[in-house]
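Asks: Predicted model follows, preceded by the sequence.
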Amino acid sequence: MAVQINPSILSADFARLADEAQAVKGADWLHVDVMDNHFVPNLTLGVPIVESLSRATDIPLDCHLMIEDPDRWAPQFVEAGAGSVTFHAEAAAAPVRLAREIRAKGARASMALKPATPIEPFEDLLPELDMLLIMTVEPGFGGQAFLDIMLPKIRRTRELISRHGLELWLQVDGGVSAETVERCAEAGADVFVAGSAVYGTDDPAAAVRSLRAQAERATAGAPWACAH
Ligand code: DX5
Ligand code: ZN
């Protein structure tokens, strides 16, 4: 799997989302953070904005649902045009049923783990997923400091993926920047979400290119990585 860079629009100008999508040309996915002020202490956007954004850009949408009751809401984000939908393991009542429903509706199914949630209890579920998201901050806000203590979990997850021979993408989200992307890549991540490290710069597209180059260098030679 090649390295993928997913800019998070949480750090973009919400009044100019179409332009902000245009500003990260070359990005693999646009990461859309959906927050409900219940699962996390912040409130962002919902289905109608995802619907409009999916019409306004060719970049596929990677929707990260930080919401309660994803079993009820996630399928609506697929219908709104999301190409990948991530629900939280801590919030899903029936993760296997939900992942199957997301896939059946035509999107990639992904599950996220908060920092205190271990990967091990979910080992048997991994074949049901297209991507696993390991949060490297407590979800809720952009611009937080990367949690180095998550690196062993990334490593253990990469080992599980290799051991089971799965085609599962391993995403990291939170505090990913020029300073931390290489550590994540070396530990086994291949999909990198970056908000402030992309939209906080004068040239977001250049930031995407530079993060990609760093991650590719860091994983060169790793058995799970391949050239872009
Ligand atoms: C945080 C969100 C992230 C956020 C990352 O809960 O899930 O996607 O946008 O922002 P940075 O890259 O600034 O940490
Ligand atoms: Zn996110």
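Replies: In hand now; what should we look at? Ligands and ions are numbered 1, 2, ... in the order given.

Asks: host element of the nearest residue to residue 86 once chain neighbours are set aside?
Replies: Distances taken as Cβ to Cβ, 6 or more residues apart in numbering put residue 110 closest to residue 86, at 3.9 Å, once the chain neighbours are dropped. Any C-beta I mention is one placed from the backbone N, CA and C, and that applies to glycine too. Using DSSP states H and E, residue 110 maps to strand 108-113.

Asks: Identify the residues contacting that strand?
Replies: 64, 66, 83-90, 92, 95, 98-100, 102-103, 119, 122, 125, 128-135, 139, 153, 169, 171, 173 (Cβ atoms under 8 Å, 6 or more residues apart in numbering).

Asks: Give me the number of neighbouring residues for the nearest residue to residue 57 once chain neighbours are set aside.
Replies: Leaving aside its chain neighbours, residue 57 sits nearest to residue 21 (3.8 Å; criterion: Cβ to Cβ, 6+ apart). Using other Cβ atoms under 10 Å, residue 21 has 21 neighbouring residues.

Asks: Could you measure from residue 21 over to ligand 1?
Replies: Distance, residue 21 to ligand 1, using Cβ to the nearest ligand atom, to the nearest Å: 15 Å.

Asks: A helix includes that residue, no?
Replies: Yes: Residue 21 sits within a helix when classified using DSSP: H, G, I helix; E, B strand; the rest coil.

Asks: Which helix or strand contains the residue of the chain found nearest ligand 2?
Replies: Per Cβ to the ion, residue 64 is where the chain lies closest to ligand 2, at 3.7 Å. Using DSSP H and E, residue 64 maps to strand 61-66.

Asks: just checking, what packs against the following helix or strand past that strand?
Replies: Per DSSP H and E, the first helix or strand lying C-terminal to strand 61-66 is helix 70-79. On a contact count with 3 or more Cβ pairs under 8 Å, 6 or more residues apart in numbering; DSSP states H and E, helix 70-79 meets helix 47-56, strand 61-66, strand 84-88, helix 95-104.
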